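**Student:** No letters, just coordinates:
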């Protein structure tokens, strides 16, 4: 056993680093395509203005 | 309808529009004489010649829509759209307070999203005007689902092709600085800003490619070109310019948090995670803390050439 250990190359131990919890925020309203895109209106009449267009719920880019 | 039908449609009086986004071709077809199709704004730049090579075929027509939808609700976006499951099909319904509870539009797609039917609620539309049947958010929802079936992922990012062909991706949610970044690069000579807000990432021919999309932000930069991805920067504010290393697991998490994926679909999430793992192994990532002036351009160039 000792012989085998001696034959193995010396390994440098990696310095211990404490695990960290990194929180990455998610914005659901952006992720689910729930907002209006910049410069756009949604729904019938969006290009013609002849009929009412859908209201934008939130604006986002 | 098959691609043969597109060919016959081209020869008939029916209307066909084909857009190519992220190298995925979507043919939109109307057989109704009083339904003229159009695409609006930046999507016009993504129009291509109609041919029989479409990856996706979507038919549009008038109809009467009723409440409630047949099928089980899968997801409620909290805004204009809801998703239902009808056997193996996906049914999107679009409503607005302007029209009450009845949808103004619905779109039903096959399980693989390569075939779909759009029904436009007849009474809500002015038949003298052309209609953008794929109007946002339907076009982006369709693309998001097509991509996460193994083709790639769309991310909330600004994409820039430098004059030497290097491709930089600046990732961030609203307010992170994508528009500022896009405007700074757009002013420089020989630069192509693919998009100031939405980029499609795909792995093709052994490279990671980024594509411009029609869904631009405030800077209104949206081009239908692609470039190989060289470097990913997560945007952060700073007093001066610096790049802070980001660990691979965090890079994947940050890409996920700035991506457009169907979060209600387990296999799509699996695909996105695997895809981002591959991307972060292939492309260097860091957090770019930057001061919003043109000096950041030279800083980025110097950093990526180190």
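**Tutor:** Everything's here; your move. Please read these numbers as outputs of a predicted model, since none were measured by experiment. Numbers count the residues shown, from 1 in each chain, chains lettered A, B, ... in the order given.
**Student:** buried set for stretch B:241-249?
**Tutor:** B:241, B:243, B:246 (16 or more other C-beta atoms under 10 Å in any protein chain shown). In short, each C-beta sits where N, CA and C put it, glycine included.
**Student:** ok, so of those residues, who is nearest residue B:75?
**Tutor:** Using C-beta to C-beta, residue B:246 is the member of the buried residues of stretch B:241-249 that lies nearest residue B:75, at 30.5 Å.
**Student:** Turn the buried residues of stretch B:241-249 into a markdown table, including distance to chain A and pLDDT.
**Tutor:** A markdown table is the format used below for the buried residues of stretch B:241-249 (distance: C-beta to the nearest C-beta, whole Å; pLDDT from 0 to 100):
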| residue | distance to chain A | pLDDT |
| --- | --- | --- |
| B:241 | 23 | 96 |
| B:243 | 17 | 97 |
| B:246 | 9 | 95 |
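**Student:** So which of those residues sit within strands?
**Tutor:** Among the buried residues of stretch B:241-249, the ones falling in strands (DSSP state E) are residue B:243.
**Student:** Determine the longest helix present in chain B.
**Tutor:** Ordering each helix of chain B by length in residues (DSSP state H) puts helix B:266-282 first.
**Student:** Pick out the residue in the stretch 151-300 of chain B sitting closest to chain A.
**Tutor:** residue B:217 (3.5 Å; C-beta to the nearest C-beta).
**Student:** If I follow the layout properly, residue B:174 ends up in contact with residue A:27?
**Tutor:** Yes. Contact status for residue B:174 versus residue A:27: in contact at 7.2 Å, counting by C-beta atoms under 8 Å.
**Student:** follow-up on the earlier one: the residue of the stretch 151-300 of chain B closest to chain A touches residue B:181, doesn't it?
**Tutor:** No. Counting by C-beta under 8 Å, residue B:217 sits too far from residue B:181 to count as a contact (10.5 Å).
**Student:** Mind listing the shared neighbours of the two?
**Tutor:** B:158, B:196 (C-beta atoms under 8 Å, 6 or more residues apart in numbering or on different chains).
**Student:** Between those two, tell me which one has more neighbours.
**Tutor:** Taking other C-beta atoms under 10 Å in any protein chain shown, residue B:217 and residue B:181 do not tie; residue B:181 has more neighbours (27 against 22).
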